[in-house]
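*Asks:* Turn this into a model:
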Amino acid sequence: MIKYRFMFGLCTALLLLVLAGCGGTSSSNANQVNVTLSDFKIQSSQTTFTSGTTYHFVVTNSGRTNHEFMIMPVEMNMGNMSMDEMHKLALAMIDTVAPGETKSIDYTHKSGGQNSLEFACHLPGHYEAGMHLPITAS
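*Replies:* Sure, this is the predicted structure:
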């Protein structure tokens, strides 16, 4: 009986070592992108992305007003669109990030998709004040 307990304990220890060797971190942590929204600027730890790869965007609002985070194709005449139309064009979006708040979203850039993209906040006046950042996906 003691022999079986010893073998069970040994197998359990080996299994834990193998699992620890596999990394222990989720794939989303390996592709984490930190984005800071402020009044009125967007900063990102990364602006070039690989198609087919999932990224985990951690978005923090360091400003004093609400902001939104959108991954958008670069389009002409967005000034003529309603917020609903822009939300439909968004590839990924966090609708509201309050001052001091952090939210996250996962997004996989599609192969063969649009390469000219941007992070943007389209709340009234925010985009015009500078809340957009060009990004590329290839």
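
*Asks:* Strands of the chain, start to end?
*Replies:* Ranges of strands in the chain, per DSSP state E, are 32-38, 41-44, 48-49, 54-61, 67-73, 92-97, 102-108, 116-120, 132-137.

*Asks:* now these as CSV including distance to residue 126 and mean neighbour count?
*Replies:* The way it works is simple: take the backbone N, C-alpha and C, and place the C-beta from them, glycine included. CSV is the format used below for these (distance: least, Cβ to Cβ, whole Å; neighbours: other Cβ atoms under 10 Å):
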stretch, distance to residue 126, mean neighbour count
strand 32-38, 9, 19
strand 41-44, 10, 16
strand 48-49, 23, 14
strand 54-61, 12, 19
strand 67-73, 7, 21
strand 92-97, 12, 17
strand 102-108, 17, 15
strand 116-120, 8, 19
strand 132-137, 9, 17
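
*Asks:* I'd like the ones you listed written out as CSV, with distance to residue 86 and mean pLDDT added.
*Replies:* Listed next are these as CSV, based on distance: least, Cβ to Cβ, whole Å; pLDDT from 0 to 100:
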stretch, distance to residue 86, mean pLDDT
strand 32-38, 17, 98
strand 41-44, 16, 98
strand 48-49, 21, 94
strand 54-61, 17, 97
strand 67-73, 7, 95
strand 92-97, 9, 96
strand 102-108, 17, 96
strand 116-120, 9, 92
strand 132-137, 12, 93
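
*Asks:* In CSV: those, plus distance to residue 83.
*Replies:* Putting the strands of the chain into CSV (distance: least, Cβ to Cβ, whole Å) gives the following:
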stretch, distance to residue 83
strand 32-38, 17
strand 41-44, 18
strand 48-49, 25
strand 54-61, 18
strand 67-73, 9
strand 92-97, 10
strand 102-108, 18
strand 116-120, 12
strand 132-137, 15
